[in-house]
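Enquirer: sequence plus the predicted model coming up.
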There are 2 protein chains.
Amino acid sequence: MVENAVVLLSGGMDSATALAMTTSNRSNVIALTFDYGQRHRKEIEAAKRIANHFRVTDHRIAAIDLTAIGGSALTDRQIAVPSQRNLDEIGKGIPITYVPARNTILLSYALGLAEASGATAIVIAANSIDYSGYVDCRPEFYAAFQEVARLGTKRGVEGDVIEVRTPLIRMSKADIVRKGEALGVPWALTWSCYHGRAKACGVCDSCQLRRKGFREAGIEDPLPYARTPPTKT
Amino acid sequence: MVENAVVLLSGGMDSATALAMTTSNRSNVIALTFDYGQRHRKEIEAAKRIANHFRVTDHRIAAIDLTAIGGSALTDRQIAVPSQRNLDEIGKGIPITYVPARNTILLSYALGLAEASGATAIVIAANSIDYSGYVDCRPEFYAAFQEVARLGTKRGVEGDVIEVRTPLIRMSKADIVRKGEALGVPWALTWSCYHGRAKACGVCDSCQLRRKGFREAGIEDPLPYARTPPTKT
């Protein structure tokens, strides 16, 4: 049976893989991308190209201004994105790129869209392995949100609960690269860098995690990078 | 001890009363109003005047485009707002003015703001008595969201949980009028009508519930109304 699913699509490698997993699974997809006051537009352009690649005909781009929240380097222009940290430091503690409650906000929006459109599932590419510092990437958070989906929608209350799916939650970046590669994710169309320059910087947290994932999976990342972090000796 | 609280302020009589209850309670308030693609701007203007009346110096207005969700008469211009129903019908079933998951989305945003600003509570004027058709106005929904607040924020995970408060949840409209009156809510500054005309229409669900509340409380509503619903015979 073909189901309808709302897939959160940021334009990065994780959500592209989650989208590939969903389209390969006899699902009709509504892709949902947020324009949330990111510092750059490259993510949104990447999301459009990826949706197009997977022939998603219903791609919604919702403007949510998260800058009124403040407190994160990704939405607050007063706070600098850290340009280079050691790979060891990444994923420990809560990073300055954490946007408070961001996943809760985006999931809630996806829940509204699922309810309005009759979709039976929401798919989010959250991942607890490489993002241990982000509290809203942990499985227990999604279990709690599933209850909100049950009690906060009319369909849920009527017994037709919208399922919150996190297919990547326990995968490492290398696992994601392997899975995406097997499903034909067009890596060259994805964008992971926190900066929005012509080339990915190669050294921000996100670039380093991505490169580590490809390296460990033994697969070549087709993206050109501006810099390479110094190898630890 | 003075606490900091984020109060969701729509511009209606309920949230104005919740704000009055919070400011009277030794709290510093951040008022949070959403520009969510409402059909009219009068609500937002009302929220500004009310915040000003209560000397709230930090009033944030966040743009969230809910029109990408669709499915509600309040955000989808293809769907007409029902202009007149019998008071008996209001509150039964799920109304076409229900915006799927709206309270979940707005609460999530408030959660992000509370986490970023160090507030210890979020106050939402949800009410289960006169809005039984809205699933996200029920106490069990807020209990579920409280768990999301605990597990989806770094402060919650560290044991400093942001409290989700619904001070009006079990109050009738008449109770709210009495409470607001006692706390000096400037009713003339509030706006409840689903339409955004010069005068409140007097006959939409929201106007009728408001007028019933004032009538039952025995207090005069200072708002001028364009029409009066026919009295039942």
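Expert: The structure has been received and is ready for your questions.
Enquirer: look up how far A:Cys201 lies from A:Ile105.
Expert: From A:Ile105 across to A:Cys201, the span is 27 Å (CB to CB, to the nearest Å). Every residue, glycine included, has its C-beta placed from N, CA and C.
Enquirer: same deal with A:Ile44?
Expert: 18 Å.
Enquirer: buried ones in stretch A:178-194?
Expert: A:178-181, A:185, A:187, A:189-194 (16 or more other CB atoms under 10 Å in any protein chain shown).
Enquirer: in a markdown table, list these along with distance to A:Pro230.
Expert: Output for the buried residues of stretch A:178-194, formatted as a markdown table (distance: CB to CB, whole Å):
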| residue | distance to A:Pro230 |
| --- | --- |
| A:Arg178 | 27 |
| A:Lys179 | 30 |
| A:Gly180 | 28 |
| A:Glu181 | 28 |
| A:Val185 | 29 |
| A:Trp187 | 24 |
| A:Leu189 | 29 |
| A:Thr190 | 25 |
| A:Trp191 | 24 |
| A:Ser192 | 20 |
| A:Cys193 | 18 |
| A:Tyr194 | 19 |
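Enquirer: which of these sits closest to A:Glu158?
Expert: For the buried residues of stretch A:178-194, the residue nearest A:Glu158 by CB to CB is A:Lys179; the value is 34.6 Å.
Enquirer: got the CA positions of the lowest-mean-pLDDT helix or strand in chain A in PDB?
Expert: Least confident helix or strand of chain A, by mean pLDDT, DSSP states H and E, is helix A:154-157 with a mean of 89. Extracted in PDB, the C-alpha atoms of helix A:154-157 (Å, rounded to 0.1, in the frame of the first residue of the first chain):
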ATOM      1  CA  LYS A 154      -7.600  15.400  15.700                       C
ATOM      2  CA  ARG A 155      -6.500  12.300  13.800                       C
ATOM      3  CA  GLY A 156      -4.300  11.200  16.700                       C
ATOM      4  CA  VAL A 157      -7.200  11.600  19.100                       C
END
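Enquirer: A:Glu45 reaches A:Ser10, doesn't it?
Expert: No - A:Glu45 is beyond contact range of A:Ser10, at 11.8 Å (criterion: CB atoms under 8 Å).
Enquirer: neighbour count winner among those two?
Expert: A:Ser10 (25 against 14; other CB atoms under 10 Å in any protein chain shown).
Enquirer: confirm the more buried one sits in a helix?
Expert: No - under the criterion used here (DSSP: H, G, I helix; E, B strand; the rest coil), A:Ser10 is coil, not part of a helix.
Enquirer: give me the pLDDT value at it.
Expert: pLDDT, A:Ser10: 94.
Enquirer: excluding sequence neighbours, find me the nearest residue to it.
Expert: Once flanking residues are discounted, A:Ser10 sits nearest to A:Glu43: 5.9 Å by CB to CB, 6 or more residues apart in numbering or on different chains.
Enquirer: just the pLDDT for the one you found.
Expert: 91.
Enquirer: do the same with A:Arg77
Expert: On the pLDDT scale, A:Arg77 gets 58.
Enquirer: same thing with A:Asn86?
Expert: At A:Asn86, the pLDDT recorded in the model is 67.
Enquirer: repeat that for A:Ile96.
Expert: For A:Ile96, the predicted pLDDT is 60.
Enquirer: contacts for whatever helix or strand A:Asp175 lives in next, please.
Expert: Following DSSP states H and E, one finds A:Asp175 within helix A:173-182. Outside helix A:173-182, the residues within contact range by CB atoms under 8 Å, 6 or more residues apart in numbering or on different chains are A:13-14, A:16-17, A:20-21, A:127, A:129-130, A:168, A:171, A:187, A:209-210, A:212-214, A:216-217, A:219.
Enquirer: pull the CA atoms of that helix into CSV?
Expert: Provided in CSV are the C-alpha atoms of helix A:173-182 (Å, rounded to 0.1, in the frame of the first residue of the first chain):
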residue,chain,number,x,y,z
LYS,A,173,27.8,9.3,9.4
ALA,A,174,29.6,6.4,7.7
ASP,A,175,26.4,4.3,7.9
ILE,A,176,24.5,7.1,6.4
VAL,A,177,27.0,7.4,3.5
ARG,A,178,26.8,3.7,2.8
LYS,A,179,23.0,3.7,3.0
GLY,A,180,22.6,6.8,0.8
GLU,A,181,25.2,5.5,-1.7
ALA,A,182,23.2,2.3,-2.1
